[in-house]
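Q: here's my sequence, what's the structure:
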Amino acid sequence: MLDVHRLRLLRELSHRGTIAAVAQALSFTPSAVSQQLSTLEREAGVPLLTRTGRRVSLTPAGRNLVDHTEAVLEHLARAEAELARARTGPAGPVRIGSYPTAARAVIPAALVALCRTSPLLEPHVTELDPADVPDALRAGHLDVALIHEYDFVPAKGEPGLSTRELFSEPLYLAARTSGSIADHRQSPWIVSPPGTLCRAMVERACEAEGFSPRIRHEADDFATVLALVAIGQGVAVVPHLGALDPPAGTTLT
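A: Below you'll find the predicted structure:
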């Protein structure tokens, strides 16, 4: 019988790429992860990993086993949820991830409704970028999360995770005067930090108009971004939820 905990480690390795990354995400030592994976190979009876120096990759048998592991872990999660409901109804901690604008504009009302319908639940909200959500869900650090995607940065399918569309919202070009992105080839830009979906979206939107944005400021809070736009420090792209109360001197196109 294959051990579920060791299967989870193999699944994490397939997504994170290195034993060190798996160890850090799941609070193990790298040697402990290596030992558990070696034990899993003995249980499986076939090589699951190929080692080249310090690098480790999955064999075809390893990748096939990960596909089965995704289904096994999904069924186990559903079984645990059904058992919990059978005991007391929805109860206990529920870890919710959210990007900042939704945490401010969507989450509060959702928590009010959740506490009214399921008073035994203990919601815990964590703000994080959608790019970090899949790993957090697979590692068990989150139970559910609000994420966003853009036309220029569509979300990719994630094995073992399911998504449901809740709503769509427009994006605005925020500047001192009305205009289009193409009108701001020479303007300074205010963008999100590197590695975020918001940053990638702005860069690709500008590239679609034939230029790269000249970045002056980096800020992850849209209220800060709009304040900088209002005093003439640059232009930016902001979503509707991030522009509900724009400061004087800001034009949203």
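Q: going forward, measure contacts and count neighbours with C-alpha atoms only.
A: Fine.
Q: what strand or helix carries the residue nearest to residue 47 when sequence neighbours are not counted?
A: Distance criterion C-alpha to C-alpha, 6 or more residues apart in numbering; nearest residue to residue 47, sequence neighbours excluded, is residue 41 at 6.0 Å. In the assignment (DSSP states H and E), residue 41 maps to helix 30-44.
Q: quick check: buried residues in that helix?
A: 30, 33, 36-38, 40-41, 44 (16 or more other C-alpha atoms under 10 Å).
Q: any idea which helix is longest in this structure?
A: Using DSSP state H to define each element, the chain has its longest helix at helix 60-88.
Q: which strands or helices does it pack on?
A: helix 4-16 (3 or more C-alpha pairs under 8 Å, 6 or more residues apart in numbering; DSSP states H and E).
Q: buried residues of the helix it packs on, list them for me.
A: 6-15.
Q: and the longest helix of the chain, how far out from the chain's middle?
A: 21 Å (C-alpha atoms, centre = their mean, to the nearest Å).
Q: return the set of buried residues in that helix.
A: For helix 60-88, by 16+ other C-alpha under 10 Å, it's 62-63, 65-66, 69-70, 73.
Q: in the helix or strand that comes right after that helix, which residues are buried?
A: Along the chain past helix 60-88, the next helix or strand (assigned with DSSP H and E) turns out to be strand 92-98. For strand 92-98, burial by neighbour count (16+ other C-alpha under 10 Å) applies to 95-98.
Q: nearest to residue 215 among these?
A: Nearest to residue 215 among the buried residues of strand 92-98 is residue 98, at 26.2 Å by C-alpha to C-alpha.
Q: and the buried residues of helix 4-16, which is closest to residue 137?
A: Taking the buried residues of helix 4-16 together and measuring to residue 137 by C-alpha to C-alpha, the closest member is residue 12, at 11.1 Å.
Q: would you confirm that the closest one contacts residue 22?
A: Yes - using C-alpha atoms under 8 Å, residue 12 is in contact with residue 22, at 6.1 Å.
Q: closest to residue 175 among the buried residues of helix 30-44?
A: residue 30 (49.2 Å).
Q: surely the closest one meets residue 18?
A: No - counting by C-alpha under 8 Å, residue 30 does not reach residue 18; the two are 9.5 Å apart.
Q: circling back: got a list of contacts for the following helix or strand past the helix holding residue 41?
A: Next helix or strand after helix 30-44 toward the C-terminus (DSSP H and E): strand 49-52. Residues from elsewhere that reach strand 49-52, judged by C-alpha atoms under 8 Å, 6 or more residues apart in numbering: 56-59, 62.
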